[in-house]
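Enquirer: here is my input, please return the structure:
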Amino acid sequence: MHDSLLADIHALRGAGEGLQSAAPLPMDRGWDGTRDRAAIEAAKEQWKAARTAYEYSEGALAPLFPDLDASLDARYDDFLAGLPRGDDRLFDDQGVVGLHAIERILYADRIPPRITAFEAKLDFYQRPHFRAPPKKPHNSTTCS
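Expert: Numbers count the residues shown, from 1 in each chain. Next comes the predicted model:
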């Protein structure tokens with residue numbers, strides 16, 4: 001049991017690192033479903049590996065580490081229920097996090113309508129999306 005759980009934990013960590021490495025990193029633009037397709041698909045494969053590794057170990061780990069289970073496996077609606085102002089920053093390590101948060105981003109271009117209809121009713125709902133272009137810094141030397 002120990003060796004099996006440890007293998008799943010290592011697989012989860014490895015997939016998490018792989019997901020981080022696979023994610024598109026355009027510095028001057030947001031993610032583009034066409035231009036970044038290969039990177040997004042590679043990230044999806046790593047997400048699937050992470051999800052599988054956690055599913056294999058969740059039954060043993062969740063009761064022992066409920067906070068870890070919540071941060072890794074809570075769904076969007078569960079997170080929003082505990083956030084008094086929601087979470088409008090999908091790409092940080094605060095608020096809505098974990099495997100379901102990553103799933104909403106990676107599959108943003110094909111969320112089933114029934115899921116969108118359910119989530120859209122939630123207070124502080126944010127539409128899932130790929131990473132947006134960086135905001136241009138305000139130049140105080142120009143007039144508007």
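
Enquirer: look up how far Ala49 lies from the residue nearest to the spatial centre of the chain.
Expert: The residue lying closest to the centre of the chain (Cα atoms, centre = their mean) is Ile102, at 1.6 Å. Ile102 is 12 Å from Ala49, where distance means Cβ to Cβ, to the nearest Å. C-beta here means a position set from N, CA and C on the backbone, and glycine is covered the same way.

Enquirer: avg pLDDT for stretch 32-50?
Expert: The pLDDT scores in stretch 32-50 average 95.

Enquirer: tell me the pLDDT at Leu13?
Expert: Actually, residue 13 is Arg. It isn't Leu. 96.

Enquirer: show me what the helix or strand where it lies is in contact with.
Expert: Per DSSP states H and E: Arg13 is located in helix 2-22. The contact list for helix 2-22 (Cβ atoms under 8 Å, 6 or more residues apart in numbering) reads 39, 42-43, 45-47, 49-50, 52-54, 56-57, 60-61, 102.

Enquirer: against which helices or strands is whatever helix or strand comes next after that helix packed?
Expert: For helix 2-22, the following helix or strand on the C-terminal side (DSSP H and E) is helix 37-64. Using 3 or more Cβ pairs under 8 Å, 6 or more residues apart in numbering; DSSP states H and E, the elements in contact with helix 37-64 are helix 2-22, helix 66-73, helix 99-106.

Enquirer: against Val97, how distant is the closest residue to Ala42 other than its chain neighbours?
Expert: Once flanking residues are discounted, Ala42 sits nearest to Ala22: 3.9 Å by Cβ to Cβ, 6 or more residues apart in numbering. For Ala22, the distance to Val97 equals 18 Å [Cβ to Cβ].
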